[in-house]
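> give me a model of this one.
(one chain, ligands or ions: 2)
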Amino acid sequence: MKGQYPDIQGGGSLILAWQVRNKKVLVIGGGEVAAGRIVNVLNADAKVTVVSPRSGLNDEVAYRVEQKQVEYIDRKFEPSDLDDVDMVLAAVDDPEASTQIYKLCQEKRIPANIADVPPECDFYFGSIHRDGPLQIMVSTNGNGPKLANIVRRRIASNLPSNIGAAIQRVGILRRKLRKIAPAPEEGPKRMQWMSKVCEQWSLDDLCDMTEDDMESLLGFFQPGTVPSLEALRLGDPDGVFDGPFLI
Ligand SMILES: C[C@@]1(CC(=O)O)C2=NC(=C\c3[nH]c(c(CCC(=O)O)c3CC(=O)O)Cc3[nH]c(c(CC(=O)O)c3CCC(=O)O)/C=C3\N/C(=C\2)[C@@H](CCC(=O)O)[C@]3(C)CC(=O)O)/[C@H]1CCC(=O)O
Ligand SMILES: NC(=O)c1ccc[n+]([C@@H]2O[C@H](COP(=O)([O-])OP(=O)(O)OC[C@H]3O[C@@H](n4cnc5c(N)ncnc54)[C@H](O)[C@@H]3O)[C@@H](O)[C@H]2O)c1
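Numbers count the residues shown, from 1 in each chain. Ligands and ions are numbered 1, 2, ... in the order given. Down below sits the predicted model:
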């Protein structure tokens, strides 16, 4: 029935959080754009190889090579460089080489991004904000990359300064919870309880949560209640803080 389900807009991108940890990423080119691509994939723990003549390396890419953060091949791209590669990021100042690279990637079904050439991209890059485990990507779907940068900075300036730290603490709590309640049948209860913690505690409280606090809080998983951080520390059995106490 119309109105019951989301309308399909079409024309967008599928925005995902691609897991490239330990996957082989080939970066072709060693200029400024390649330097940015390298940072993006190293931040996602990929195994990165750069192919570019040494004369074309900028200082940042030369630094990554020197520090052995990337493998390095000192020459122009050759088709055999694509053997066993999971993803290709090309940033070369040679449109013919770019097109050849993209065609080879298509034949070999390797997902590729040819910087600044939208018809030769299986995926676009976006403007990224990172704060610990939090990542926010803005895409304008090829319409206005500079505006993506402006929107991203505006979003970032409106975020609480401790949001990344709070998410990091929640991550630790969730992993502990899955250890004490590992059964798949407990999934719905786990999810409900975690949602309550996130809704009822302030970001400051989440950031302040120590390992000891986590252990005590996990004691409330079975009854399915969520005391405040203050009540938890006071050991209040109702889980509700009713102080201050006068002695
Ligand atoms: C977001 C960001 C990520 C990144 O690259 O890391 C990114 N471009 C950035 C900057 C930027 N790029 C350009 C300018 C100059 C100003 C302007 O033209 O607006 C600036 C501004 C600057 O440099 O500050 C020029 C440009 N870019 C593309 C074309 C070709 C075309 O449109 O046809 C041309 C014209 C070349 C020409 O005219 O000759 C194409 C693409 N650029 C994309 C991503 C993909 C779409 C993303 C989206 O739409 O959201 C896409 C489709 C493919 C891709 O490359 O993946 C990064 C900002 C990161 C940040 O600062 O936070
Ligand atoms: N997004 C942006 O802001 C932006 C800005 C300028 C240029 N660009 C585009 O991105 C691409 C790269 O830009 P850049 O500023 O990094 O260029 P750059 O000139 O700094 O670097 C080009 C690199 O490509 C290498 N190279 C050239 N041919 C090669 C080949 N056949 N095999 C391997 N390596 C090769 C060179 O050694 C050099 O390291 C260009 O196509 C350019 O149009 C994008």
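
> what mean pLDDT does stretch 179-188 have?
Averaging pLDDT along stretch 179-188 gives 95.

> start and end of that stretch, how far apart?
End-to-end distance for stretch 179-188: 15 Å, by Cα to Cα, to the nearest Å.

> may I see the buried residues of that stretch?
Ala181 (16 or more other Cβ atoms under 10 Å). Glycine gets a C-beta too; all of them are placed from N, C-alpha and C.

> can you name the residues bridging to Leu134?
Asp131 (DSSP bridges).

> in the protein, where's the longest helix?
helix 163-180 (DSSP state H).

> after that helix comes which helix or strand?
Scanning forward in sequence from helix 163-180 by DSSP states H and E, the next helix or strand is helix 187-200.

> tell me the angle of that following helix relative to helix 163-180?
On the basis of axes from the mean of the first three to the mean of the last three Cα atoms, to 10 degrees, helix 187-200 is oriented at 150 degrees to helix 163-180.

> and helix 187-200, what does it pack onto?
Judged by 3 or more Cβ pairs under 8 Å, 6 or more residues apart in numbering; DSSP states H and E, helix 187-200 is in contact with helix 163-180.

> and stretch 128-139, how far from the chain's centre?
6 Å (Cα atoms, centre = their mean, to the nearest Å).

> wait, does that stretch contact ligand 2?
No. Contact of stretch 128-139 with ligand 2 (Cβ under 6 Å from any ligand atom) is absent, the minimum separation being 14.0 Å.

> please renumber so the chain begins at 58
Let's use 58 as the start, then, which means that last one is stretch 185-196.

> who touches that stretch?
70, 72, 74, 97, 100, 181, 183-184, 205-206, 208-210, 212-213, 216, 220-222, 224-225, 228 (Cβ atoms under 8 Å, 6 or more residues apart in numbering).

> strands - which of those land there?
Ser184 (DSSP state E).

> which among the contacts of stretch 185-196 end up buried?
97, 181, 183-184, 205, 208-209, 220-222, 224.

> which one of those residues sits closest to Met144?
Using Cβ to Cβ, Asn97 comes nearest to Met144 of the buried ones among the contacts of stretch 185-196, at 11.1 Å.

> how close does the closest one get to Asp188?
Per Cβ to Cβ, to the nearest Å, Asn97 is found 16 Å from Asp188.

> stretch 176-186 - what's its average pLDDT?
97.

> got the end-to-end distance for it?
Start-to-end, stretch 176-186 (Cα to Cα) is 26 Å.

> buried ones in it?
Applying 16+ other Cβ under 10 Å to stretch 176-186 flags 177-178, 180-186 as buried.

> of those residues, closest to ligand 2?
Using Cβ to the nearest ligand atom, Phe182 comes nearest to ligand 2 of the buried residues of stretch 176-186, at 8.8 Å.

> with adjacent residues omitted, what lies nearest to Gln163?
Nearest non-adjacent residue to Gln163, counting by Cβ to Cβ, 6 or more residues apart in numbering: Ala169, 7.7 Å away.

> and that neighbour, its phi and psi?
Backbone torsions for Ala169, taken as degrees, to the nearest 10, come to phi -140, psi 150.

> could you measure from it over to Asp150?
17 Å.

> who's more crowded, the two?
Ala169 (24 against 10; other Cβ atoms under 10 Å).

> was I right to think the more buried one contacts Cys178?
Yes. Ala169 is in contact with Cys178 according to Cβ atoms under 8 Å; the separation is 7.2 Å.
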